[in-house]
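Novice: I would like the atomic coordinates for the input below:
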Amino acid sequence: MSAPTAESKSMSSYQKRSKQELARRVAEDIFDGAYVNLGIGMPTQVANHIPAGREVILQSENGILGMGPAPAEGQEDYDLTNAGKQPVTLLPGGCYFHHADSFAMMRGGHLDICVLGAFQVSATGDLANWSTGEAGAIPAVGGAMDLAVGARQTWVMMDLLTKTGECKVVEACSYPLTGLSCVKRIYTDLCTLECTPEGLRLIDTVPGLSHAELQSIVGLPIKDATATA
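Specialist: Presented below is the predicted three-dimensional model:
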């Protein structure tokens, strides 16, 4: 399938999810009692949208367990930051510890979910999120490889399209890989997709965006699990 032109996209009637709406959408699917790592960048905003009454234990790779939402303005403590150096809060019972212990937690299968950003995700769940491979690009793998293969589920949170209109969900990644067949779900500003060995499966789209139109934007077949048999 060929992707639509920028002109055809602009004529669509749908509205993208804002960054906060996307963070809220991801938070909705995190189950009660889950141990979750939020990657650097957009995923950190999920901490601010955990539903009230749901216990989610947030981990940060720099050595925090029991991380809370962002502090109120003026209440920041820069001795307590997440892996992206953003000030955070610590919930009752939370703690911080050595980097090595944090990576043992990540590698040892103790996290239920990690939420990461990405440059590309393949239809079968391959992840590329640490380098574009361009000359002069600064590699930034951090703990992404450990998280991608260590967590029980890897979710990606990203804009569906690049700033130049290219889809980040692809048949096969062209950027250096972080992990193979590790991504279970892709949360984007236009839709939520599941990666399976057979390809993409649609979970939901924003109002006004049809299944056919989404397939045209992505340029790949997407099984519509929301349709009746």
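Novice: for this structure, where's the lowest mean pLDDT among helices and strands?
Specialist: helix 6-10 (a mean of 44; mean pLDDT, DSSP states H and E).
Novice: after it comes which helix or strand?
Specialist: Helices and strands here follow DSSP states H and E; after helix 6-10, the next one along the chain is helix 19-28.
Novice: now do the end-to-end distance for stretch 75-89.
Specialist: One end of stretch 75-89 to the other measures 9 Å (C-alpha to C-alpha, to the nearest Å).
Novice: now what about that stretch, what contacts it?
Specialist: For stretch 75-89, contacts defined as C-beta atoms under 8 Å, 6 or more residues apart in numbering pick out 38-41, 44, 47, 60-62, 64, 67-71, 90, 96, 142-143. Placement of C-beta: from N, CA and C, glycine included.
Novice: where does pLDDT dip in the chain?
Specialist: The model of the chain has pLDDT under 70 over residues 1-12, 139, 226-229.
Novice: now the helices for it?
Specialist: Taking DSSP state H, the helices of the chain run over residues 6-10, 19-28, 99-107, 144-150, 211-218.
Novice: out of those helices, which gets nearest to Ala123?
Specialist: Of all the helices of the chain, helix 211-218 sits nearest to Ala123, with 8.8 Å by C-beta to C-beta.
Novice: the closest one packs against which elements?
Specialist: On a contact count with 3 or more C-beta pairs under 8 Å, 6 or more residues apart in numbering; DSSP states H and E, helix 211-218 meets strand 199-205, strand 222-224.
Novice: coming back round to it: which of the contacts of stretch 75-89 count as buried?
Specialist: Listed as buried from the contacts of stretch 75-89 are 38-40, 44, 47, 60-62, 64, 67-70, 90, 96, 142-143; burial here means 16 or more other C-beta atoms under 10 Å.
Novice: in strands, which of those appear?
Specialist: The strands, defined by DSSP state E, take in Leu38, Ser60, Ile64, Met67, Leu90, Tyr96 from the buried ones among the contacts of stretch 75-89.
Novice: who does the second one form a beta bridge with?
Specialist: What it means is Ser60. Beta bridges link Ser60 to Ile64, judged by DSSP bridges.
Novice: so it touches Leu38, yeah?
Specialist: Yes. Ser60 is within contact range of Leu38, at 7.2 Å (criterion: C-beta atoms under 8 Å).
Novice: okay, and the common contacts of the two?
Specialist: Contact with both Ser60 and Leu38 is made by residues Met67, Asn82, according to C-beta under 8 Å, 6+ apart.
Novice: so how far does stretch 107-122 reach from one end to the other?
Specialist: Terminal-residue distance, stretch 107-122 (C-alpha to C-alpha): 23 Å.
Novice: kindly report the same for stretch 138-153.
Specialist: Using C-alpha to C-alpha, the span of stretch 138-153 from its first residue to its last is 27 Å.
Novice: now swap in stretch 103-114 and tell me
Specialist: 13 Å.
Novice: look up how far Ala128 lies from Leu111.
Specialist: 21 Å (C-beta to C-beta, to the nearest Å).
Novice: before we move on, what about Thr178?
Specialist: The gap separating Thr178 from Ala128 is 6 Å, by C-beta to C-beta.
Novice: quick one, which of those two is more surrounded?
Specialist: Under the criterion of other C-beta atoms under 10 Å, the comparison of Thr178 against Ala128 puts Thr178 first, with 26 against 22.
Novice: which ones are touching the more buried one?
Specialist: Each residue near Thr178 by C-beta under 8 Å, 6+ apart is listed here: Leu127, Ala128, Asn129, Trp130, Val141, Ala144, Met145, Ala148.
Novice: so what's the residue count around the closest residue to it other than its chain neighbours?
Specialist: Spatial nearest neighbour of Thr178, chain neighbours left out: Leu127 (4.5 Å); criterion: C-beta to C-beta, 6 or more residues apart in numbering. Counted with other C-beta under 10 Å, the neighbours of Leu127 add up to 29.
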